[in-house]
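Q: 3D, please:
(2 chains)
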2 protein chains.
Amino acid sequence: MEQLNTIKPKRGRPRLDSKHSEETKRRIIWAGVEIITEKGATATGIDQILKKIDIPKGSFYHYFKSKDDYLIEVIQQYNSYFIHKLCKYFNDQTVSPVTRIVNFTEDAKNGIKKFQFKRGCLVGNMGQESSLLNEALIIKIEESFRNWEDLLEKCLLDAKKEKQIKPDIDCATTAKYFWIGWEGAVLRARLHKSLEPVDIFTEKFLHDLKI
Amino acid sequence: MEQLNTIKPKRGRPRLDSKHSEETKRRIIWAGVEIITEKGATATGIDQILKKIDIPKGSFYHYFKSKDDYLIEVIQQYNSYFIHKLCKYFNDQTVSPVTRIVNFTEDAKNGIKKFQFKRGCLVGNMGQESSLLNEALIIKIEESFRNWEDLLEKCLLDAKKEKQIKPDIDCATTAKYFWIGWEGAVLRARLHKSLEPVDIFTEKFLHDLKI
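A: Sure, this is the predicted structure:
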């Protein structure tokens, strides 16, 4: 459910030093994050990713053994980026815990709008195609969800301490519940080209938690 | 989010009478429902659908102008099937309104399990690929969600009348909220090959409604 800035393709013959090599690998991974966030993994060909950033196909197999190996790195990269974003919002000590959650959802809404409802959640997209993905990829996707659940659970525990939410809330289960519904909300927002599903989900979710 | 029984391919040269013609069209549509429920629309080729039921490609264009025309009929067929199922559960006057919702979710769980977590929601799958689908298809998918929302809203209104749920519940918004979260729950169930996400979603959803 996260949107990323577009990386402009760099033209010309690739240099061979190791710094450049790292940079090329990074660009191939980010290009995958961008395209797969929009189209999912199975509808995205390696050719399409490389064409986007003007890199010859031979380079790809220098960096990655297979499409599956590559997809694992794409998920890792996306997850690191998303964890960084969640930490920024959920650990923000300048606002109350419930406001931290609201601020994250507002940022996500801005991102969805910025990319004209085309980009969804990379991890959610891949989750939807899980019957076509290999086991190692599914484990990585599951790990990502667990990371997000842990970060939200911590924020909900803070909210409980500050008596912003009902004392009998099970924060671990509620965090799982949030990400389950959130994926549905992002899917529906993209479909309807409207932020209404995200608002409906977020408002009722928070309403049901509050004292 | 609905699972369907597999239709066995019929071998031999097709007969040309109109009854047979209708039957062939019906089989092509149902084969699409089955495959797209598993893999989504963009990852599914027409060849793959026809191969599954042993029908030559020429026949396809006798019945459908294009893949998009076909997909509209696939969505309509799935939606009719699913509406029939929802009516069966949500209009069941022999049990209380909340039990009707529980019974629907239990039936859905059985279906997910029966197909080894491979099949999801056809409409949800297509929603996830919305950036790749044409406008007419998206309108059909939106119509389906509205049908499901209306049926659930009616059941929630019954629950309110019977004082099973809080009197201040907005049944129309809550019905939208349910289907938003439900799509996320089915997606996560398929990913983890576990019914836990469906249980987490259903239990908290109903818990938050109850008086």
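Q: helices and strands around whichever helix in chain A runs longest, which ones?
A: If each helix of chain A is counted by residues according to DSSP state H, the longest one is helix A:135-161. Using 3 or more CB pairs under 8 Å, 6 or more residues apart in numbering or on different chains; DSSP states H and E as the contact criterion, the elements in contact with helix A:135-161 are helix A:67-90, helix A:97-114, helix A:122-128, helix A:171-192, helix B:171-192. (Each C-beta comes from the backbone N, C-alpha and C, glycine too.)
Q: now do 10 Å
A: For helix A:135-161, the helices and strands in contact under the criterion 3 or more CB pairs under 10 Å, 6 or more residues apart in numbering or on different chains; DSSP states H and E are helix A:67-90, helix A:97-114, helix A:122-128, helix A:171-192, helix A:196-209, helix B:171-192.
Q: name the helices or strands packed onto the last one?
A: Yep, that's helix B:171-192 we're talking about. Of the remaining helices and strands, those touching helix B:171-192 by 3+ CB pairs under 10 Å, 6+ apart are helix A:122-128, helix A:135-161, helix A:171-192, helix A:196-209, helix B:97-114, helix B:122-128, helix B:135-161, helix B:196-209.
Q: Compare those helices and report which one is nearest to B:Thr44.
A: B:Thr44 lies closest, by CB to CB, to one member of those: helix B:122-128, at 9.6 Å.
Q: just to revisit the earlier point, angle of the longest helix of chain A against helix A:171-192?
A: 110 degrees (axes from the mean of the first three to the mean of the last three CA atoms, to 10 degrees).
Q: Any regions of chain A where pLDDT drops low?
A: A:1-17 (pLDDT under 70).
Q: of all of it, which residue lies closest to chain B?
A: Here chain A gets closest to chain B at one residue, A:Gly184, 3.1 Å apart by CB to the nearest CB.
Q: Next up, the contacts around that residue.
A: Each residue near A:Gly184 by CB atoms under 10 Å, 6 or more residues apart in numbering or on different chains is listed here: A:124, A:197-198, A:201, B:124, B:127, B:177-188, B:201.
Q: same thing with A:Thr202?
A: Taking CB under 10 Å, 6+ apart as the criterion, A:Thr202 is in contact with A:101-102, A:104-106, A:108-109, A:178, A:181-182, A:185, A:195.
Q: what do you get if the cut-off is 6 Å, keeping everything else the same?
A: With contacts taken as CB atoms under 6 Å, 6 or more residues apart in numbering or on different chains, A:Thr202 has the following neighbours: A:Thr105.
Q: Please apply the same query to A:Leu86.
A: With contacts taken as CB under 6 Å, 6+ apart, A:Leu86 has the following neighbours: A:Leu151.
Q: one step back: distance to B:Val33 for the helices and strands packed on helix B:171-192 - can I get that in a markdown table?
A: Converted to a markdown table, these look like this (distance: least, CB to CB, whole Å):
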| stretch | distance to B:Val33 |
| --- | --- |
| helix A:122-128 | 17 |
| helix A:135-161 | 25 |
| helix A:171-192 | 19 |
| helix A:196-209 | 24 |
| helix B:97-114 | 13 |
| helix B:122-128 | 6 |
| helix B:135-161 | 13 |
| helix B:196-209 | 21 |
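Q: Tell me which of the ones you listed lies nearest to A:Asp68.
A: The nearest among the helices and strands packed on helix B:171-192, by CB to CB, is helix A:135-161 at 6.4 Å.
Q: Just want the angle from the longest helix of chain A to helix A:67-90.
A: 10 degrees.
Q: how about A:Lys193, phi and psi?
A: A:Lys193 has phi and psi values of phi 50, psi 50 when expressed as degrees, to the nearest 10.
Q: That one contacts A:Phe115, doesn't it?
A: No - with the criterion set as CB atoms under 6 Å, A:Lys193 and A:Phe115 do not qualify as a contacting pair; they are 11.3 Å apart.
Q: higher neighbour count, those two?
A: Remark: of A:Lys193 and A:Phe115, A:Phe115 carries more neighbours, 19 against 14, as counted by other CB atoms under 10 Å in any protein chain shown.
Q: Tell me how far that one lies from A:Asp107.
A: A:Phe115 sits at a distance of 13 Å from A:Asp107 (criterion: CB to CB, to the nearest Å).
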